[in-house]
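J.: Predicted model, plus sequence, below.
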Amino acid sequence: MPVAVELVVRVGAVVAAFLLLPLLVGQTEHKVMAHMQGRLGPMYAGGYHGWAQLIADGVKFVQKEDVTPRGADRPVFQLAPAVTLLPYLLVLLVVPLGPGDLVGQPLDAGLFLVLAVLAVPVVGVMMAAWASANKYSLLGGVRGAAQLLGYELPFVLSAASVAMAAGTLSLPGIVAAWRPWWLLWQLPALFVFFVAGVAEIRRPPLDAPIADTELVFGYKTEYTGMRFAFMMLAEYAGIVVIASLTTVLFLGGWHGPAPEQLGWLWTLLKIFAVCFVIIWLRVTFPRLRVDQLQQLCWLVLVPLALGQLVLTAAVRMVI
Amino acid sequence: MSGVPGTGLAKGLAVTLGAMTRRAHTRQYPDTPPDLPPRSRGVIALLEENCTVCMLCARECPDWCIYIDSHKEEVHTPGAARARQRNVLDRFAIDFSLCMYCGICIEVCPFDALFWTPEFEYAEHDIRELLHEKGRLGEWMVTVPPPPANDPNGEPAKEEAAARKAAEGAAG
């Protein structure tokens, strides 16, 4: 295959996944959350159990007026949704779906790139918050800055533990080195990574920057129309990204009791299982207070991640 | 909270997961009609033939939402000494934008011309269109349910008790 064609196919596939998976997760959230609350969720759009609800929502967002507040810093305000959204696309590019060549772009320093790029949406959050010229946005942004920068540390530390265990920074390499007993050995790191990941994408119960019962809608308050849709897409793309990273780093990606050719199916199944857990947590737990959020980060997750690092290093020395 | 830390969190997760596995009780209203309780007060129907234009309902109505117009007609009966007079109903309207569904008009009607019906789907886009004339009020008569049976544990109806007493008197 010529390089150009292959490039188009790979990028096209990643973009398709980037647009499709968040919608699937969003629809799952509609339905799962509804049933967990004893409701039915969307039932009309599309005819069968409201499967087209998010498409209808998208059409509605397109029709809406794109308002920029008068006091806002226009270019920054308008750029922020893209800054929040696009890093997730970049991350999906290096996440392996199956063994061999089933990856957007195999990269030796994949994990490094992922961790670096996942810090960019923080900037988007702060851009949106500061440029909105709205006190609720600003409060959300300040909370976001405190939360996201704090949780960056356990996030990176727990990912480093896996990289240490596998002896490589390449994501396919980590999955290839993965063994089922790692589930036990890396359990604290899995816990830390998952919780810190949920905090990084600002999902309930760690959604203090958005906090729709106290801050209107946090840093997203002033957004309307398509830009708001991008902000929402960023949230669900974030879920997909965190779920796929958890799958690849800790749950063994394509490993499973089935032939290697079905590896991509295993990866997708695991990603959806993790997405389900993220939704489940959202439905079950109330939002953490800001001080509880910081306590969880600095008094629980960071020590745990450091302990895991020591454990990983020790086991690596022994083996 | 005692014992292992996190038991509360696990319990919460179990509750939501359990709720998800049970069927929701939602009734999809426009598709499945709701189960209304007996004696639901949806709207007031008029049985025009029973109305004698005694005006009791209009006078008892707390917010004066019943409008009645009538005229008198002479009824000539052959062989009678003189013609009788009869009230003829020209207009009977209830303004449901004023009605507070107290049911006093129905209670007070001596000739059983007004009835509660469970019909409730008569919303309008304009509040002025809630003034319904006797034609519309009469259409709702078909939705009036039969009166509920007497409670088997309750007292028997007065008429029943009186009839039984009379029968026992005649027998004894």
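T.: Everything's here; your move. As the structure is a prediction and not an experimental result, all values here were calculated from the model.
J.: residue ranges with poor pLDDT in the chain?
T.: Unless you meant another one, I'm taking chain A. A:1, A:104, A:258 (pLDDT under 70).
J.: nope, chain B
T.: Along chain B, the model assigns pLDDT under 70 to residues B:1-2, B:172.
J.: which strand is the longest one in it?
T.: strand B:84-95 (DSSP state E).
J.: Touching it from outside, list them.
T.: B:44, B:46, B:48, B:51-53, B:65-75, B:77, B:130-134, B:137 (C-beta atoms under 8 Å, 6 or more residues apart in numbering or on different chains). Every residue, glycine included, has its C-beta placed from N, CA and C.
J.: OK, contacts around residue B:112?
T.: With contact set as C-beta under 8 Å, 6+ apart, residue B:112 has these partners: B:47, B:50.
J.: So what sits opposite the residue nearest in space to the middle of chain B in the bridge?
T.: Geometric centre of chain B, nearest residue: residue B:116, 1.3 Å, by C-alpha atoms, centre = their mean. Listed beta-bridge partners, residue B:116: residue B:44 (assigned using DSSP bridges).
J.: isn't it right next to residue B:104, touching?
T.: No: counting by C-beta atoms under 8 Å, residue B:116 stays clear of residue B:104, with 12.0 Å between them.
J.: before we move on, the earlier item: identify those among the contacts of strand B:84-95 that sit within strands.
T.: Short answer: the contacts of strand B:84-95 in strands (DSSP E) are B:44, B:46, B:66-75, B:131-132.
J.: What subset of the residues you listed is buried?
T.: Among the ones in strands among the contacts of strand B:84-95, the ones that count as buried by 16 or more other C-beta atoms under 10 Å in any protein chain shown are B:44, B:46, B:66, B:68, B:131-132.
J.: from memory residue A:98 sits against residue A:256, does it?
T.: No: using C-beta under 8 Å, residue A:98 is not in contact with residue A:256, being 10.8 Å away.
J.: how about the residues of the stretch 1-150 of chain A near chain B?
T.: For the stretch 1-150 of chain A, the residues in contact with chain B (C-beta under 8 Å from any C-beta of the partner chain) are A:32, A:34-40, A:43.
J.: Please pick the buried ones from those residues.
T.: A:32, A:34-36, A:40, A:43.
J.: Can you check which helix is longest in chain A?
T.: When chain A is parsed with DSSP state H, its longest helix is helix A:3-36.
J.: Could you name the helices and strands sitting against that helix?
T.: Using 3 or more C-beta pairs under 8 Å, 6 or more residues apart in numbering or on different chains; DSSP states H and E as the contact test, the elements touching helix A:3-36 are helix A:53-63, helix A:74-94, helix A:225-250, helix A:263-284, helix B:7-21.
J.: can you tell me which of those comes nearest to residue A:129?
T.: helix A:74-94 (8.4 Å; C-beta to C-beta).
J.: Counting by contacts, list what that closest one packs against.
T.: helix A:3-36, helix A:110-117, helix A:120-131, helix A:225-250.
J.: Okay, angle between it and helix A:225-250 too, please.
T.: Counting by axes from the mean of the first three to the mean of the last three C-alpha atoms, to 10 degrees, helix A:74-94 lies at 30 degrees to helix A:225-250.
J.: how near is residue A:127 to residue A:263?
T.: Using C-beta to C-beta, to the nearest Å, residue A:127 is found at 38 Å from residue A:263.
J.: Flag every residue of chain B that's near chain A.
T.: Residues of chain B found near chain A (C-beta under 8 Å from any C-beta) are B:9, B:12-13, B:15-17, B:19-20, B:22, B:24-26, B:28.
J.: that older thread, pick the one among the ones in strands among the contacts of strand B:84-95 closest to chain A.
T.: Chain A lies nearest to residue B:132 out of those, by C-beta to the nearest C-beta, at 31.0 Å.
J.: So what sits opposite the nearest residue to that closest one once chain neighbours are set aside in the bridge?
T.: Leaving out its chain neighbours, the residue that sits closest to residue B:132 by C-beta to C-beta, 6 or more residues apart in numbering or on different chains is residue B:94, at 5.9 Å. Going by DSSP bridges, residue B:94 is paired in beta bridges with residue B:66, residue B:132.
J.: Centre of the chain to the longest helix of chain A, how far?
T.: Using C-alpha atoms, centre = their mean, to the nearest Å, the mean C-alpha position of helix A:3-36 is found 13 Å from that of the whole chain.
J.: swap in stretch A:278-285?
T.: Centroid separation between stretch A:278-285 and its chain, computed with C-alpha atoms, centre = their mean, is 15 Å.
J.: Identify each buried residue in it, please.
T.: A:278-284.
J.: that older thread, now the common contact residues for residue A:98 and residue A:256.
T.: By C-beta under 8 Å, 6+ apart, residue A:98 and residue A:256 have these common neighbours: residue A:263.
J.: So which of these two has more stuff around it?
T.: residue A:98 (20 against 16; other C-beta atoms under 10 Å in any protein chain shown).
J.: ok, that one to residue A:260 distance?
T.: Distance from residue A:98 to residue A:260, by C-beta to C-beta: 8 Å.
J.: which residues do those two both contact?
T.: Residues touching both residue A:98 and residue A:260 by C-beta under 8 Å, 6+ apart: residue A:254.
J.: where does residue B:150 land in three-state SS?
T.: coil (DSSP: H, G, I helix; E, B strand; the rest coil).
J.: what's the neighbour count on it?
T.: 11.
J.: give the contact list for it.
T.: B:156-157.
J.: and it, how far is that from chain A?
T.: As judged by C-beta to the nearest C-beta, to the nearest Å, residue B:150 and chain A stand 38 Å apart.
J.: Would you mark the buried spots in the strand or helix carrying residue A:308?
T.: If you go by DSSP states H and E, residue A:308 is part of helix A:302-318. Applying a neighbour-count criterion of 16+ other C-beta under 10 Å, one finds A:302, A:304-306, A:308-309, A:311-312 buried in helix A:302-318.
J.: One more: stretch A:166-181?
T.: Going by neighbour count (16+ other C-beta under 10 Å), the buried part of stretch A:166-181 is A:166, A:168-175, A:178.
J.: Check which helix or strand residue A:39 maps to.
T.: According to DSSP H and E, residue A:39 maps onto no helix or strand at all.
J.: Now do the contacts for the residue nearest in space to the middle of chain A.
T.: Taking C-alpha atoms, centre = their mean as the criterion, residue A:238 is the residue nearest the geometric centre of chain A, at 2.7 Å. Residue A:238 makes contact with A:88, A:121, A:200-203, according to C-beta under 8 Å, 6+ apart.
J.: who wins for neighbours among those residues?
T.: That'd be residue A:202 among the contacts of residue A:238, by other C-beta under 10 Å, with 28 neighbours.
J.: State the distance from it to residue A:140.
T.: Distance of residue A:202 to residue A:140, given as C-beta to C-beta: 9 Å.
J.: Identify the contacts common to those two.
T.: Common contacts of residue A:202 and residue A:140 (C-beta under 8 Å, 6+ apart): A:125, A:209-210.
J.: what would those look like in JSON lines with distance to residue A:55?
T.: Below are these laid out as JSON lines (distance: C-beta to C-beta, whole Å):
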{"residue": "A:125", "distance to residue A:55": "27"}
{"residue": "A:209", "distance to residue A:55": "28"}
{"residue": "A:210", "distance to residue A:55": "24"}
